[in-house]
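A.B. asks: with the sequence up front, the predicted model follows.
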Amino acid sequence: MRSAPAPRRDTASGSLPVLEPVTGCLLIQVASKEPLEVVRLADRAGSGVVFTGAGAIEAIHAVRRHPWKRPLLADRRRYTGTARIRGTASFAPSWLAGQRDAGVTPVLTDSGYIGDGDVTALRAILRQAAEAGPDVTAVLPLHERWLHQDRATLIAEVTAHEAPVALVLEHAEDPLASSEAVAGLTELLRNAPSVALLRKPAELSARRSRAGVYAAKAPLAPGTTGDRGCSRPFLQPY
């Protein structure tokens, strides 16, 4: 998507119009280079857009030049591809500030990948997110074992840092196909204050994915629901 002038602001207050809350919505993933016509597919109640890639914030600004009220999120996806970075990498301050300037909430971290048993990377992301402010949600791109053998550690760290989290689940096909994975996610939802499912990209997998990507949302703020009555977390392939 081409860069565009700054988004439309309220002429009286100088602030951006408030977007609909993301809680309870099913968002579609859109690469930041896609044309605006693709984004319009998500302009309906209960939907919204997660722009992906380094140009996600610029894409959000382009959309906000037009009348738009659906939720918008930005996922930088530094956790994917052959050159993906480790979760110990520092967040880019400009990435967090750019989302705030675009009127996006929650603000998603530009996290690296959390490999099998990489507690150091997990803690680095959670610590940075907690320090960045209450509007920040820690993106956790997780090796599949984190919902299996390592889920007790995952739950303990997420709970201790008290930061909202958005999970990116690695798996060759369906990350929640096994009962053990579902049990791990359920236990995390019950114990952590705020959990979302962001995506499961095929690029994370060693083999090609049958389903492609998933996008889903669980409540991003404890005890809240969307204005359309959707309060339970759900997952849907597309």
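C.D. replies: Received it, and whenever you're ready, just let me know what you need. Numbering: from 1, shown residues only.
A.B. asks: next helix or strand past the longest strand seen in the chain?
C.D. replies: In terms of residue count, the longest strand belonging to the chain (DSSP state E) is strand 136-142. In the C-terminal direction, the helix or strand that comes right after strand 136-142 (DSSP states H and E) is helix 151-161.
A.B. asks: now do the buried residues in that following helix.
C.D. replies: Arg151, Leu154, Ile155, Glu157, Val158, His161 (16 or more other C-beta atoms under 10 Å). Backbone N, C-alpha and C define where each C-beta goes, glycine included.
A.B. asks: what's next to it, contact-wise?
C.D. replies: With contact meaning C-beta atoms under 8 Å, 6 or more residues apart in numbering, helix 151-161 is reached by 119, 122-123, 126-127, 129-130, 138, 140, 142, 146-147, 165, 184, 187-188, 191-193, 195.
A.B. asks: again with stretch 114-133
C.D. replies: With C-beta under 8 Å, 6+ apart as the criterion, stretch 114-133 contacts 86-91, 96, 107, 109, 111-113, 136-143, 145-146, 150, 153-154, 157-158, 160-165.
A.B. asks: quick check: which element contains the residue nearest the centre of the chain?
C.D. replies: With distances taken as C-alpha atoms, centre = their mean, the chain has Leu198 as the residue nearest its mean C-alpha position (4.3 Å). Following DSSP H and E, one finds Leu198 within strand 195-199.
A.B. asks: remind me what that strand packs against, helices and strands.
C.D. replies: Under the contact criterion of 3 or more C-beta pairs under 8 Å, 6 or more residues apart in numbering; DSSP states H and E, strand 195-199 touches strand 165-169, helix 179-191, strand 214-215.
A.B. asks: now stretch 136-154: buried residues?
C.D. replies: Counting neighbours by 16+ other C-beta under 10 Å, stretch 136-154 gives 136-147, 150-151, 154 as buried.
A.B. asks: export stretch 80-87 to CSV, keeping only CA atoms.
C.D. replies: Backbone C-alpha positions of stretch 80-87 (Å, rounded to 0.1, in the frame of the first residue of the first chain) are rendered in CSV as follows:
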residue,chain,number,x,y,z
THR,A,80,9.0,-14.9,10.4
GLY,A,81,11.2,-15.9,7.5
THR,A,82,14.8,-17.1,7.1
ALA,A,83,16.1,-13.9,8.7
ARG,A,84,13.7,-13.8,11.7
ILE,A,85,15.1,-12.4,14.8
ARG,A,86,15.2,-13.8,18.3
GLY,A,87,12.8,-12.6,21.0
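A.B. asks: need the residues that contact that stretch.
C.D. replies: With contacts defined as C-beta under 8 Å, 6+ apart, stretch 80-87 is touched by 78-79, 111-115, 118, 120-122, 124-125, 141, 201, 203-204.
A.B. asks: tell me how many other residues crowd Gln99.
C.D. replies: Per other C-beta atoms under 10 Å, the neighbour tally for Gln99 reads 25.
A.B. asks: do I have it right that it meets Thr109?
C.D. replies: No. Counting by C-beta atoms under 8 Å, Gln99 stays clear of Thr109, with 9.8 Å between them.
A.B. asks: ok, what's across the strand from the closest residue to the residue nearest to the centre of the chain other than its chain neighbours?
C.D. replies: Leaving aside its sequence neighbours, Leu198 sits nearest to Ala166 (C-beta to C-beta, 6 or more residues apart in numbering; 4.1 Å). Assessed by DSSP bridges, Ala166 has beta-bridge partners Val139, Ala196.
A.B. asks: and the pLDDT for Ala166?
C.D. replies: The model reports Ala166 with a pLDDT of 94.
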